[in-house]
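J.: Sequence first, predicted model second:
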2 protein chains.
Amino acid sequence: MSVQERKERERAARERLIVATARELAEQQGWDAVTTRRLAERIEYSQPVLYSHFRGKREIIGAVALEGAAEMAAALRAATSAANGPRARVTALARTYLDFAERNPAVYDAMFQLDGGLAFAVDDTPEPLKDGFAALLESLGEVAGDGVHPGLFTEVFWAALHGLATLTRAGRLPPAEAERRVELLVDRLTLV
Amino acid sequence: MSVQERKERERAARERLIVATARELAEQQGWDAVTTRRLAERIEYSQPVLYSHFRGKREIIGAVALEGAAEMAAALRAATSAANGPRARVTALARTYLDFAERNPAVYDAMFQLDGGLAFAVDDTPEPLKDGFAALLESLGEVAGDGVHPGLFTEVFWAALHGLATLTRAGRLPPAEAERRVELLVDRLTLV
DNA sequence: CTCAGTTGTCTAGCGGTGCTAGGCTCGGGT
DNA sequence: ACCCGAGCCTAGCACCGCTAGACAACTGAG
């Protein structure tokens, strides 16, 4: 039976290699450069091997997105747990979110711009995505204000962060004033 | 000279036809379905004709985006001019913005999600785009609050709207509570 | 009225894409 | 020792954006 186990381990390792390589290639040259041929060449296998792990390119993007969601959730929790008081936590959260988006543009795209075939905001949403939202909710729920549903508030705050992240990166907003926009957003949206 | 003028008119008409057809096809079946072949077939010309009007597909997307920006600016101005008082204007603005994004998803994508080769937030930004931002600024500048730069406030508010629009349409936010999110956003961000 | 030249359009094709059918090789179980 | 199936690759499909080059039609000069 050990042979089979070894094969499964190797298979799992190769799957991680595919996802890591796709992510790396996307960060280096953008998602347009992540073609099945190039990806296959980089992992030193032929194209069809990719399809024995994933249904298609979309699923590979989805796998990168899930990896990114887990990382982002961890980053957000690390930042907020190091801050004192609700207000400071929210500021740290916002900065960390935008920082993550700026430092990992390809991963951020996989999560929110591209079609990775992932289900959001429904029952069978993958765990990392739910957990990412939960990480936001933990800090933002504190400052929603009385009578405001924490989930709804989190959605609105998140949408604002997402808008800032995407518009800035797409050149729709000048990057110079980014920090002042964050301050304004936190100032206005949070109570306390 | 009249012959030349007629040809120019026909040429301009055909260019409008290309843009209108691209937009229609994108709204019907998504931008993925807007291929140069299909587009050429719909306008009943061969592919190369497209390239005598536009440098490439990107420019066609850009043309749809400009058309959309002009329409959106007009819609925003119509909505805000019909509302009484700064606060009501902002609410009307937000609703109209999100409504436009929902009703014209392909056009909204052309404006803000896809690469239409357009320059934003710089000197040689095309007029319709500047005007769209101006339409936002007219109503939002009123409620920025003392000491807050109207342009900066407009950028933040716009980012929030953009985030709501894109996340909702991508299935990242449940559509049911959309109206309550707008109310919350306007409540918190606007002073007065 | 003829004819050269320009203008406009088309056919055909290049190099790329995501994806898959079918054959080959090689290792494991009997 | 042999057979068989898993695993991988080569080759190819249909499509993509884009373009070179041939051809037709119209313009304007003689």
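T.: That came through, no problem.
J.: contacts, neighbours, all on C-alpha from now
T.: OK.
J.: how about the lengthiest helix in chain A, does it reach chain B?
T.: When chain A is scanned for its longest helix (criterion: DSSP state H), the result is helix A:2-29. No - if you take C-alpha under 8 Å from any C-alpha of the partner chain as the test, helix A:2-29 misses chain B, and the best it gets is 15.9 Å.
J.: who does that helix touch, helix- and strand-wise?
T.: helix A:36-42, helix A:57-81, helix A:105-112 (3 or more C-alpha pairs under 8 Å, 6 or more residues apart in numbering or on different chains; DSSP states H and E).
J.: and it, how far out from the chain's middle?
T.: Taking C-alpha atoms, centre = their mean, to the nearest Å, one finds helix A:2-29 lying 20 Å from the centre of the chain it belongs to.
J.: now stretch A:48-62
T.: Relative to its chain's centre, stretch A:48-62 lies at 19 Å (C-alpha atoms, centre = their mean).
J.: gap between the two ends of that stretch?
T.: The straight-line separation of the ends of stretch A:48-62 (C-alpha to C-alpha, to the nearest Å) is 18 Å.
J.: Any buried residues in the helix-or-strand element of chain A with minimal mean pLDDT, and which?
T.: Sorting the helices and strands of chain A by mean pLDDT, DSSP states H and E puts helix A:2-29 at the bottom, at a mean of 91. Neighbour counts using 16 or more other C-alpha atoms under 10 Å in any protein chain shown place A:14-15, A:18-27 of helix A:2-29 among the buried residues.
J.: next one: stretch A:114-128
T.: Within stretch A:114-128, the residues that qualify as buried by neighbour count (16+ other C-alpha under 10 Å) are A:114-116, A:118, A:120, A:128.
J.: So that stretch, near DNA strand C or not?
T.: No - if you take C-alpha under 7 Å from any atom of the strand as the test, stretch A:114-128 misses DNA strand C, and the best it gets is 10.8 Å.
J.: Span of that stretch from start to end?
T.: Terminal residues of stretch A:114-128 lie 17 Å apart, using C-alpha to C-alpha.
J.: what residues does chain A put near DNA strand D?
T.: Residues of chain A lying near DNA strand D (C-alpha under 7 Å from any atom of the strand): A:7, A:44-49.
J.: now with 10 Å?
T.: Residues of chain A lying close to DNA strand D by C-alpha under 10 Å from any atom of the strand are A:4, A:6-8, A:10-11, A:14, A:36-37, A:40-41, A:43-53.
J.: how about low-confidence regions in chain A?
T.: Applying pLDDT under 70 to chain A flags the ranges A:1, A:3.
J.: still on that earlier bit, and of the buried residues of helix A:2-29, the nearest to DNA strand D?
T.: For those, the closest approach to DNA strand D (C-alpha to the nearest atom of the strand) belongs to A:R14, at 8.6 Å.
J.: which residues does that closest one contact?
T.: By C-alpha atoms under 8 Å, 6 or more residues apart in numbering or on different chains, the contact set of A:R14 is empty.
J.: ditto for A:H162
T.: Contacts of A:H162 (C-alpha under 8 Å, 6+ apart): B:159-160, B:163.
J.: Equivalent analysis for A:G62, please.
T.: Neighbouring residues of A:G62 by C-alpha under 8 Å, 6+ apart: A:110-111, A:115-118.
J.: which bits of chain A sit near chain B?
T.: Of all the residues in chain A, those in contact range of chain B (C-alpha under 8 Å from any C-alpha) are A:112, A:119-121, A:152-153, A:155-164, A:167, A:171-174, A:177, A:181, A:184-185, A:188-189.
J.: Where do the domain boundaries of chain A fall?
T.: Each domain of chain A is listed here as a residue range: A:1-53, A:56-189, per automatic domain parsing.
J.: mind checking which of those domains is nearest B:T91?
T.: Of all the domains of chain A, domain A:56-189 sits nearest to B:T91, with 15.2 Å by C-alpha to C-alpha.
J.: So A:G145 is in contact with A:L152, correct?
T.: No - the pair A:G145 and A:L152 fails to qualify as a contact (C-alpha atoms under 8 Å) at a distance of 11.3 Å.
J.: between those two, which one's more packed in?
T.: The residue with more neighbours, out of A:G145 and A:L152, is A:L152; 19 against 15, by other C-alpha atoms under 10 Å in any protein chain shown.
J.: does DNA strand C sit close to the least confident helix or strand of chain A?
T.: Yes - contact between helix A:2-29 and DNA strand C, assessed by C-alpha under 10 Å from any atom of the strand, occurs at A:2-4, A:6-7.
J.: now, the most widely separated pair of those residues?
T.: Using C-alpha to C-alpha, the residues of helix A:2-29 next to DNA strand C span at most 8.5 Å, a distance reached by A:S2 and A:K7.
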